[in-house]
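Visitor: With the input below, show me the fold.
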Amino acid sequence: VQLQAYGGGLVQPGGSLRLSCAASGSIFRASAMGWYRQAPGKQRELVAFITSGDGTMYADSAKGRFSVSRDNAKNTVYLQMNSLVPEDTAVYYCNAGTSRYANYYAGAYWGQGTQVTVSS
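Guide: Numbering: from 1, shown residues only. Down below sits the predicted model:
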């Protein structure tokens, strides 16, 4: 499975971006898909995930601002990010994993990452 995240860029505070992650391989539809981010000097953290059944969960920092969705026909998962703040600056990664109840378990497949910079 290969994952490619794209859609990052430079945005002003309060702006929006939509990240996409295209997956190759046959496991996409059966996988939960997670979005992570890693800021300089910090550990990678889970931002949001979507289950194979379209259930969604968000980190507290993302609730009310971010929305994760998937298009199984296109093998693509999206992360719509609104009301961005400088603290959202990070490299964002997608991951194919599994989920159980409210927990996401990262799989071995990671996308290459896309840089999001929120700055005026």
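Visitor: Please count neighbours and contacts with C-alpha atoms only from this point.
Guide: OK.
Visitor: so Ala108 makes contact with Gly97?
Guide: Yes: here Ala108 reaches Gly97: they are 7.5 Å apart, a contact under CA atoms under 8 Å.
Visitor: These two: which is more packed in?
Guide: Neighbour count, other CA atoms under 10 Å: between Ala108 and Gly97, Gly97 has more, with 23 against 9.
Visitor: ok now do that one, which residues does it touch?
Guide: Residues near Gly97 by CA atoms under 8 Å, 6 or more residues apart in numbering: Ser31, Ala32, Met33, Gly34, Tyr104, Tyr105, Ala106, Gly107, Ala108, Tyr109.
Visitor: do Tyr6 as well
Guide: Leu19, Ser20, Cys21, Gly113, Thr114.
Visitor: Name the residues linked to it by a beta bridge.
Guide: Beta-bridge partners recorded for Tyr6 (DSSP bridges): Ser20.
Visitor: What score does it have for pLDDT?
Guide: You'll see Tyr6 listed with a pLDDT of 95.
Visitor: And Gly15, by the same measure?
Guide: 98.
Visitor: Pull the number of nearby residues for it.
Guide: 14.
Visitor: Need the contacts of Gly97 in a markdown table (columns: secondary structure and pLDDT).
Guide: Compiled in a markdown table, those are given as follows (DSSP: H, G, I helix; E, B strand; the rest coil; pLDDT from 0 to 100):
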| residue | secondary structure | pLDDT |
| --- | --- | --- |
| Ser31 | coil | 89 |
| Ala32 | strand | 94 |
| Met33 | strand | 94 |
| Gly34 | strand | 96 |
| Tyr104 | strand | 94 |
| Tyr105 | strand | 93 |
| Ala106 | strand | 92 |
| Gly107 | strand | 91 |
| Ala108 | strand | 88 |
| Tyr109 | strand | 84 |
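Visitor: All set now, cheers.
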